[in-house]
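Student: Coordinates only, no sequence provided:
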């Protein structure tokens, strides 16, 4: 994810790192997501998320034990595939009718199972074709089938529900309401505000997505189109992924849009989704994507998915987002005149590089977020150096000066602090962006450019379509360099203070960095130079 910069003026120097808290949204923080899931009893007594048509107090909410989101995800099963169906009513202020079908394999005996779901009305649930009882527990939907599910068995859960695009109080993310429809922004923990799921990146799955909308709208989703069916006053689009995907990367666009097609490297189909009235103005930017893909391929190898493209949303989100095969951007970033051309192009590369780092190779836990954002920031900066003459060393030196402050405010790169109260998105702080890219620069300094570049290529090749951890990256770098790098990584990824930079003993931390990096509290705080998510 890339948090859109807001406070610059034309000609401002953006060579340096992004200062301050990158969680820079224009929305009032009072409308952001609640900081922690409430206990089951409290939520069942409140007017929160899942409006249920079945009774019985269930077992409470569970999670997979993520350090930053302890109640996110659910143990006991692995999802193989999702089949999502949404019916758009022609307005983005009313709920969509939806059906979510989940094919999963149990990993233990289950007499009930939990799904993450927190913003919709559940109408019915079936397990293996038979009606099941269900009830809410915190932000979980607890499903009890008629018969217990033995370990190692396949099961199919079908949930009929609504999907509400209007955020509830204390919730944020999921559907994004655009000027003419909807898009999705599910990172980090908001897919379950759209559909029932195992909402954690450690459980990736294949997706089939169907969207029905009134004629005159265009619907696009992750993956490639499979079918279009026009019946009477509505049209149904069907899309399917060819690679597994984390729930936080799901994307559905519904609007009065045009889909523009071009060809990328090796015949890769590239399709962009833009407001029809803006297609001519946006075309010069969109035409850059094939060359940007070729540039990334020259660094880390073949593009990992079946298609790519940009979704230009006529909405004020405050961020750009690497939804798999179809990255979400604010249209204003391209139609405005605030930022220099090279800078906007580097933002495009930031989200593109996430297709390798974060999408194809997903974090096993949210504490591994630096592997996403540090790498995306690295290739963003490398692109700016090679294509626009903006020196990497200058940016890294500035980042070094601010790094101690970032660590004090947000924790070290691989051990980020929990989100600020009421602002779950605030895990996206400078420590996991330029702070993490600084650690990658230190690694390149430590083991040399050839070994570092081999680490990068092998990383995305070895873990393609899977998940990986910080420990996995350390092991790979140690093996390729022929050295035990455990001490290096401990200092750079987990230390309270920034270690000395290899090759640059003169680099110093700025005395006021900690104060400057203190997270901003005001929604309209001035936005520093760009940050990525």
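Tutor: Here it is on my side, so go on. Keep in mind it's a predicted model, so treat the numbers as computed, not measured.
Student: can you give me the helices for the protein?
Tutor: 40-44, 279-286, 289-300, 332-335, 341-354, 369-388, 392-410, 434-447, 449-462, 470-481, 486-494, 513-516 (DSSP state H).
Student: Quick one: these as TSV, columns for distance to residue 142 too.
Tutor: Yep, even glycine has a C-beta here, placed from its N, CA and C like the rest. As requested, the helices of the chain are exported to TSV (distance: least, CB to CB, whole Å):
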stretch	distance to residue 142
helix 40-44	9
helix 279-286	45
helix 289-300	42
helix 332-335	41
helix 341-354	33
helix 369-388	29
helix 392-410	34
helix 434-447	37
helix 449-462	37
helix 470-481	32
helix 486-494	37
helix 513-516	44
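Student: Reformat those helices as CSV; add mean pLDDT and mean neighbour count.
Tutor: Listed next are the helices of the chain as CSV, based on pLDDT from 0 to 100; neighbours: other CB atoms under 10 Å:
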stretch, mean pLDDT, mean neighbour count
helix 40-44, 33, 16
helix 279-286, 96, 15
helix 289-300, 98, 17
helix 332-335, 94, 18
helix 341-354, 97, 22
helix 369-388, 98, 24
helix 392-410, 97, 23
helix 434-447, 98, 25
helix 449-462, 98, 16
helix 470-481, 98, 18
helix 486-494, 98, 17
helix 513-516, 41, 16
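Student: Quick one: residues contacting residue 146.
Tutor: 127, 130, 131, 132 (CB atoms under 8 Å, 6 or more residues apart in numbering).
Student: Quick one: low-confidence residue ranges for this protein.
Tutor: 3-59, 422, 512-533 (pLDDT under 70).
Student: in it, which residue is closest to the centre?
Tutor: The chain has residue 187 as the residue nearest its centroid, 4.0 Å off, counting by CA atoms, centre = their mean.
Student: ok, it - contacts?
Tutor: 1, 173, 248, 249, 321, 533.
Student: Nearest to residue 159 among those residues?
Tutor: residue 248 (19.0 Å; CB to CB).
Student: tell me the contacts of the closest one?
Tutor: 186, 187, 188, 189, 190, 191, 199, 201.
Student: Select, from those residues, the two members most distant in space.
Tutor: Between any two of the contacts of residue 248 (CB to CB), the greatest distance is 12.8 Å, for 190 and 201.
Student: my guess is residue 101 meets residue 83, correct?
Tutor: Yes - counting by CB atoms under 8 Å, residue 83 is a contact partner of residue 101 at 4.0 Å.
Student: now the end-to-end length of stretch 295-315.
Tutor: 29 Å (CA to CA, to the nearest Å).
Student: Could you do stretch 158-170 as well?
Tutor: End-to-end for stretch 158-170, by CA to CA: 28 Å.
Student: And that stretch, how far out from the chain middle?
Tutor: How far stretch 158-170 lies from its chain's middle: 20 Å, per CA atoms, centre = their mean, to the nearest Å.
Student: Stretch 70-77 too?
Tutor: 18 Å.
Student: and if you look at stretch 69-82?
Tutor: With CA atoms, centre = their mean as the basis, the mean position of stretch 69-82 lies at 17 Å from the chain mean.
Student: buried set for that stretch?
Tutor: For stretch 69-82, the neighbour count (16 or more other CB atoms under 10 Å) marks 69, 71, 72, 73, 74, 75, 76, 77, 79, 80, 81, 82 as buried.
Student: What segments of the stretch 201-350 of the chain are strands?
Tutor: 206-214, 218-221, 224-231, 234-240, 252-255, 257-263, 269-275, 310-313, 319-320, 327-330 (DSSP state E, counting those that start in this stretch).
Student: Looking at these, spot the one closest to residue 439.
Tutor: Comparing the strands of the stretch 201-350 of the chain under CB to CB, the one sitting nearest is strand 319-320, at 22.8 Å.
Student: what packs against the closest one?
Tutor: strand 2-3, strand 327-330, helix 341-354 (3 or more CB pairs under 8 Å, 6 or more residues apart in numbering; DSSP states H and E).
Student: what lines up beside it in the sheet?
Tutor: strand 2-3 (antiparallel) (DSSP bridges).
Student: circling back to that earlier point, for the strands of the stretch 201-350 of the chain, give me JSON lines that also has distance to residue 122.
Tutor: Shown next, in JSON lines, are the strands of the stretch 201-350 of the chain (distance: least, CB to CB, whole Å):
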{"stretch": "strand 206-214", "distance to residue 122": "19"}
{"stretch": "strand 218-221", "distance to residue 122": "23"}
{"stretch": "strand 224-231", "distance to residue 122": "27"}
{"stretch": "strand 234-240", "distance to residue 122": "23"}
{"stretch": "strand 252-255", "distance to residue 122": "20"}
{"stretch": "strand 257-263", "distance to residue 122": "30"}
{"stretch": "strand 269-275", "distance to residue 122": "30"}
{"stretch": "strand 310-313", "distance to residue 122": "28"}
{"stretch": "strand 319-320", "distance to residue 122": "30"}
{"stretch": "strand 327-330", "distance to residue 122": "27"}
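Student: wait, which of those is closest to residue 92?
Tutor: strand 252-255 (8.0 Å).
Student: The closest one: how far from the chain's middle?
Tutor: Distance, centroid of strand 252-255 to centroid of chain: 17 Å (CA atoms, centre = their mean).
Student: what's the answer for stretch 383-390, then?
Tutor: 26 Å.
Student: before we move on, what about stretch 486-493?
Tutor: Taking CA atoms, centre = their mean, one finds the center of stretch 486-493 at 26 Å from the center of the full chain.
Student: quick one: contacts of that stretch?
Tutor: So stretch 486-493 is contacted by 370, 412-415, 439, 442-443, 446, 470, 474, 477-478, 498-499 (CB under 8 Å, 6+ apart).
Student: Please report how far residue 129 lies from residue 190.
Tutor: 30 Å (CB to CB, to the nearest Å).
Student: buried ones in stretch 155-170?
Tutor: Buried-residue list, stretch 155-170, by 16+ other CB under 10 Å: 155, 157-165, 167-168, 170.
Student: Let's have these in a markdown table, adding distance to residue 238.
Tutor: Converted to a markdown table, these look like this (distance: CB to CB, whole Å):
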| residue | distance to residue 238 |
| --- | --- |
| 155 | 24 |
| 157 | 21 |
| 158 | 17 |
| 159 | 19 |
| 160 | 19 |
| 161 | 20 |
| 162 | 21 |
| 163 | 17 |
| 164 | 23 |
| 165 | 21 |
| 167 | 28 |
| 168 | 29 |
| 170 | 34 |
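Student: ok, so of these, who is nearest residue 381?
Tutor: Among the buried residues of stretch 155-170, and counting by CB to CB, the member closest to residue 381 is residue 167, at 34.0 Å.
Student: List the residues that contact the closest one.
Tutor: 31, 119, 173, 174, 175, 193.
Student: same thing with residue 154?
Tutor: By CB under 8 Å, 6+ apart, the neighbours of residue 154 are 80, 103, 104, 105.
Student: how deep is the closest residue to residue 194 other than its chain neighbours tucked in, by neighbour count?
Tutor: Once flanking residues are discounted, residue 194 sits nearest to residue 174: 4.6 Å by CB to CB, 6 or more residues apart in numbering. The number of residues packed near residue 174 is 26, by other CB atoms under 10 Å.
Student: cool, the one 5 residues further on as well?
Tutor: Other residues near residue 179 number 13, with proximity taken as other CB under 10 Å.
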